[in-house]
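Undergrad: Need coordinates for the following:
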Amino acid sequence: MTDAGRGSAGDADYRRIASGYRTYRRPEPEFETAIASALGGATTVLNVGAGAGSYEPTDRDVTAVEPSAEMRAQRPADRVPAIDATAERLPFPDDAFDAAMTTFSVHQWHDLDAGLREMRRVTRGPVIVMTCDPDRLDRYWLADYAPEVVGTEARRYPALDRIDAALTGRVEPVALPIPLGCADGFSEAYYGRPEKLLDPGARKANSAWSFVAPEVEQRFVTQLSADLESGHWDRKYGRLRQSPHFDGSLVLLVSRPSG
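TA: Numbers count the residues shown, from 1 in each chain. The predicted structure follows:
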């Protein structure tokens, strides 16, 4: 976490990549449990960058914020409608919520520091950020097949120490080992199921693929397909097919107010 200049992106075109997102990016129960534990006894919860509603608790009073119309349209009927607003300008008074959360979102914000300050401003209790540590992304086998994708993700995800500094207060990092059958199809979810990432929809549901040239994607499909057919992938990485968890880049940062 030495690159203090790493920022967040706010650059993915969800008008192009949002279709089918909810099919591939379903909430993983193990991560839901970790988030519920971090929320503690909070009754009112703000979800920033709420997307299609993944990880929103159903047993609490949730307010959702999502700037993408395409993502708001994918929210299921059992979720509250999302407010059209951004993290950087939350339309709520100070200390309006017991807790706030954001999942797989901070790398999309135009101004990370402003967004995190706003979350702290409107929250009395914990602020929870689920994100990826960019310094750990190269642990995943995808780095051998599509280093451009991993490099894109590493540039877009903000360094954890920058998030820590912006959140202030006491920040506790909670590691989130990725289960083998992870329901949330972010890139590392397929660590032991490489065939799944040959599905174009699975790649489309990971925004980093939208930033690389089509020939990179085609090369990835060709090379991985050949290595799976020849057994090369399994000779090198086959142990992952039986590994119940992968210690990847995913982390939950829990910020609690000082004092």
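
Undergrad: next helix or strand past the top helix by length along the chain?
TA: Criterion DSSP state H: the longest helix present in the chain is helix 214-230. Downstream of helix 214-230, the first helix or strand assigned by DSSP states H and E is helix 232-237.

Undergrad: after that following helix comes which helix or strand?
TA: Stepping forward along the backbone from helix 232-237, the first helix or strand reached (DSSP H and E) is strand 245-246.

Undergrad: chain center to that next one, what's the gap?
TA: 17 Å (CA atoms, centre = their mean, to the nearest Å).

Undergrad: so who does the nearest residue to residue 133 once chain neighbours are set aside touch?
TA: Closest residue to residue 133 apart from its sequence neighbours, by CB to CB, 6 or more residues apart in numbering: residue 249 at 4.7 Å. For every residue, glycine as well, the C-beta is placed using N, CA and C. Applying CB atoms under 8 Å, 6 or more residues apart in numbering to residue 249 gives the contacts 132-137, 139-140, 157, 188.

Undergrad: Roughly how far does residue 249 sit from residue 61?
TA: Taking CB to CB, to the nearest Å as the measure, residue 249 falls 32 Å from residue 61.

Undergrad: And for residue 77?
TA: Residue 77 is 18 Å from residue 61, by CB to CB.

Undergrad: neighbour-wise, which of the two wins?
TA: The residue with more neighbours, out of residue 77 and residue 61, is residue 61; 13 against 4, by other CB atoms under 10 Å.

Undergrad: Pretty sure that one sits against residue 42.
TA: No. Residue 61 is not in contact with residue 42 according to CB atoms under 8 Å; the separation is 9.2 Å.

Undergrad: Would you check that residue 87 makes contact with residue 50?
TA: No. The criterion here is CB under 8 Å, and residue 87 misses it with residue 50 at 10.6 Å.
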